[in-house]
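K.L.:
Sharing a model prediction with you, sequence too.
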Amino acid sequence: MLKLHADMLRHLGAPVKAGALPIEDWLRHLMQCGTLRLPDGLHELRGPVPIVTTLNDLKSACGVALETVKQGLRPLETDHWVQLVDGAHTRLLGPPRFTIRVTKENFWGSVSQAVEISVTDGLNPLESVDYDALRQPDRQCDRKRVLGIEALRLNWSSQVRLADGKTTALKPEETFTLGAGSQITSADRSLLLEEDLPAVYDGSRDLRTLQSGEFRSENGDLVALPDNSAIHLERNGLVRLANGKTGIIELSAETTLSSGEPLDWNLDTHWLSRFQTGQPLVLLRRAIFADLLQVVQENCAGVSHEPDDHWRVVLGFHDTILDGTLPYRAGLSSLKQSPNHLTAFLHQLTPDDSLRKKMSDQYGVVVGNADVRLSPASFASSYDRHWLRKIGADPEINSEILAQPNRIPCWTQMGAYYRRGEVWPWEITREVYFTYVQVHFRQRTGDAGR
């Protein structure tokens, strides 16, 4: 371990009597090339010899309060440029050595065809990386490690948030007027209500119309539904109660795995309303990582069950929820045993298997249509943070050094995948990625004009 004391930090240009932002900028400029030049030579920050300092040394070198130093380090820790080692020491890491790009092929869920990995731009040549090996396709691949396979119970409840901020629960057989613009599902079609429509609440997210109404389909066609039609709410909508009060009808999902663990997708939970009410579902959770063979010439301390010539870079994790009736629809199981058949099949997946190909071979399902949305980067929820920390600290999934702060930035991709001509998806996947994984819209030869 190489420790930088206060006098060495001053020699490296530490700003004196400056605020948190100048301290952050100084450290970023100091570490941006991935190396640090010291009197005894050039050292690689993420190399086998850790380079550390302490909060007190930084405080003394900069002549500021300890809290100012912590504020300057916090954004660097969020970006994985520094790591708190034992509460006192701070290891200087610089930018991650590898940049991972997810191309547009992943919009169709084909992550195995969408991952590209390269050395981060701007780094000095690193002794630990074999650049020629990294350019060889057979030296890098993406893999998926199964973290869990469980049956999922999905229950819906509805309440009305009134204009005064109070909430009231809807009772079965209660009548109200559903506002225009509400999004519903009826007879395997996703529709948008054209005009206000009287309806009665049947529990969960189920309604019945009290008179005929007109709806607009996704392709713009006008669809008329007769009275007493069963419809399902897809997301929140405006309502006017029988007593004249107005508000928003809010859908709330209670998702519980067979182990009793909750599934918390936070603001993305409404995607689950695309499944039919009462439909059996199965969750497949997998960690996604890149595996580099003989690319990083460094002892991978802590990596077990594999030779040292394997180096792993974690991307994130996927929560994939599958239609539990797929084996039944393929004629391979009874309806009652269909979720168990699917669960047993998923347990056979290996880290190198493509889920899409296996599902196509086994059950004949392919993606005919997809609805995919990307979120901007944000700090992980407690649920996402738990799994990002878990996979980031697992040496069988990740060999890179990652900081694990309380606020971990990430971005998500939500995707609903359908058979052609069907409105109910057979798969909904939520993909959560670290922010050093980038979306790359590269135009490939032959893509022009598509």
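P.N.:
That came in fine, so what should we check first?

K.L.:
for Ala180, what are its contacts?
P.N.:
Listed by C-beta atoms under 8 Å, 6 or more residues apart in numbering, the contact set of Ala180 reads 193-196, 238. Heads up, the C-betas are built off the backbone N, CA and C, glycines and all.

K.L.:
again with Leu9
P.N.:
53, 57-58, 61-62.

K.L.:
Can you redo the residues you listed as JSON lines, where the extra columns are secondary structure and pLDDT?
P.N.:
Output for the contacts of Leu9, formatted as JSON lines (DSSP: H, G, I helix; E, B strand; the rest coil; pLDDT from 0 to 100):
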{"residue": "Thr53", "secondary structure": "strand", "pLDDT": "93"}
{"residue": "Asp57", "secondary structure": "helix", "pLDDT": "92"}
{"residue": "Leu58", "secondary structure": "helix", "pLDDT": "93"}
{"residue": "Ala61", "secondary structure": "helix", "pLDDT": "92"}
{"residue": "Cys62", "secondary structure": "helix", "pLDDT": "93"}
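
K.L.:
what helices or strands is the longest strand anywhere in the chain leaning on?
P.N.:
Longest among the strand segments of the chain by residue count, using DSSP state E, is strand 140-162. The contact analysis (3 or more C-beta pairs under 8 Å, 6 or more residues apart in numbering; DSSP states H and E) places strand 140-162 against strand 167-169, strand 246-257, strand 281-293, strand 310-323, helix 338-346, helix 382-392.

K.L.:
Next, the angle from the helix or strand just after the fifth one to strand 281-293.
P.N.:
To tie it back to what came earlier, the one meant is helix 338-346. Towards the C-terminus, the helix or strand next in line after helix 338-346, according to DSSP states H and E, is helix 355-363. Here the directions of helix 355-363 and strand 281-293 differ by 130 degrees (axes from the mean of the first three to the mean of the last three C-alpha atoms, to 10 degrees).

K.L.:
what's helix 355-363 packed up against?
P.N.:
Using 3+ C-beta pairs under 8 Å, 6+ apart: helix 355-363 touches helix 326-329.

K.L.:
Pull the distance from the helix it packs on to the chain's centre.
P.N.:
Here helix 326-329 is found 28 Å from its chain centre; the criterion is C-alpha atoms, centre = their mean, to the nearest Å.

K.L.:
can I get the CA coordinates of it in PDB?
P.N.:
Provided in PDB are the C-alpha atoms of helix 326-329 (Å, rounded to 0.1, in the frame of the first residue of the first chain):
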ATOM      1  CA  LEU A 326     -46.400 -20.500 -21.600                       C
ATOM      2  CA  PRO A 327     -45.800 -24.200 -21.100                       C
ATOM      3  CA  TYR A 328     -49.600 -24.800 -21.100                       C
ATOM      4  CA  ARG A 329     -50.100 -22.700 -24.200                       C
END
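
K.L.:
wouldn't Tyr410 be in contact with Gly316 here?
P.N.:
Quick fix: residue 410 reads Cys, not Tyr. Yes - with contact defined as C-beta atoms under 8 Å, Cys410 and Gly316 form a contacting pair (7.0 Å).
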